[in-house]
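this one's structure only:
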């Protein structure tokens, strides 16, 4: 698949905001100021949060994903050419995890799910 599909999935999440905080063509998607998906400028991967370091290790060990560079152990990087349903599932799950961890006051200002 492509960056365009990843960006479409991310943009469809309520209240999602795009930025390129490091310059050079990264796509960083945030909710409430916190990242839930990051596409590298040239590596062909999208990094997403999982519910735990154990889940991330499982996804890496089974070949679904690889370790996400420069991010916490609970994050994984998926190839952009992964199955579209896998990308959509992982991005939406990451979004919900990050959104759910935001302070209640911040969550109250976001559009409904």
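Yes, it's here. Just so we're clear, the structure is a prediction, and the values are computed from it rather than from any experiment. Numbering: from 1, shown residues only.

Pull the contacting residues for the residue most central in space within the chain.
The centre of the chain sits closest to residue 37, judged by C-alpha atoms, centre = their mean, with a distance of 2.3 Å. Counting by C-beta atoms under 8 Å, 6 or more residues apart in numbering, residue 37 touches 6, 10, 27-29, 46-48, 91, 94-95. No exception for glycine: its C-beta is placed from N, CA and C like everyone else's.

Which one of these sits in the busiest neighbourhood?
When neighbours are taken as other C-beta atoms under 10 Å, the top entry among the contacts of residue 37 is residue 48 (32 neighbours).

Beta-bridge partners for it, please?
Residue 48 forms beta bridges with residue 37, residue 76, as assigned by DSSP bridges.

these two touch, right, it and residue 74?
No. Counting by C-beta atoms under 8 Å, residue 48 does not reach residue 74; the two are 9.8 Å apart.

Sketch out the strands for the protein, chain order is fine.
17-19, 27-31, 34-39, 45-49, 66-67, 75-79 (DSSP state E).

any idea how far residue 67 lies from residue 83?
20 Å (C-beta to C-beta, to the nearest Å).

Looking at these two, which is more packed in?
residue 67 (15 against 12).
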